[in-house]
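S.K.: just to be clear, the model below is a prediction. Sequence and coordinates:
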Amino acid sequence: MRAALVYELPSFDTGLFSATEFLMSGGNAQLLIKVAEQSNIVLKFQRVRWHEFTAVYNCSTDQIQSAYFKLMRLDDSERLAK
């Protein structure tokens, strides 16, 4: 499976992280990231068919190193194909 960078989040002190919201409706989705002392980060997605969340403590070191503070696209994913 190949991973491709889609978006890199702006740098911020993780102590300033406030909250996230992921909303899906009608095949579209929005990820809202709230950080104190910064404008909200809003990522919008169209034609969403599937998503999966994995908490950081369940991720491997490789997953974190390659994708921390980044939105990644997974190409040739067997799980996505299913």
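M.R.: On my side now, so go ahead.

S.K.: low-confidence regions, the chain specifically.
M.R.: 1 (pLDDT under 70).

S.K.: now do the strands in it.
M.R.: For the chain, strands defined by DSSP state E occupy the ranges 2-8, 17-25, 28-35, 41-45, 70-75.

S.K.: quick one: residues contacting the spatially most central residue of the chain.
M.R.: The residue lying closest to the centre of the chain (C-alpha atoms, centre = their mean) is Leu71, at 4.7 Å. Shown in contact with Leu71 (C-beta atoms under 8 Å, 6 or more residues apart in numbering): Leu5, Val6, Tyr7, Glu8, Leu9, Leu43. C-beta: built from backbone N, CA, C; applies to glycine.

S.K.: out of everything not next to it in sequence, what's closest to the fourth one?
M.R.: Yep, that's Glu8 we're talking about. Distances taken as C-beta to C-beta, 6 or more residues apart in numbering put Lys70 closest to Glu8, at 5.1 Å, once the chain neighbours are dropped.

S.K.: could you point out the longest helix in the chain?
M.R.: Ranked by residue count and defined by DSSP state H, the top helix of the chain is helix 61-67.

S.K.: list the helices and strands that one packs on?
M.R.: Helices and strands touching helix 61-67, by 3 or more C-beta pairs under 8 Å, 6 or more residues apart in numbering; DSSP states H and E: there are none.

S.K.: how near is the nearest residue to Ile41 once chain neighbours are set aside to Phe17?
M.R.: The shortest distance from Ile41 to any non-neighbouring residue, by C-beta to C-beta, 6+ apart, is to Ile33 (4.1 Å). Shown here: Ile33 relative to Phe17, a distance of 8 Å by C-beta to C-beta, to the nearest Å.
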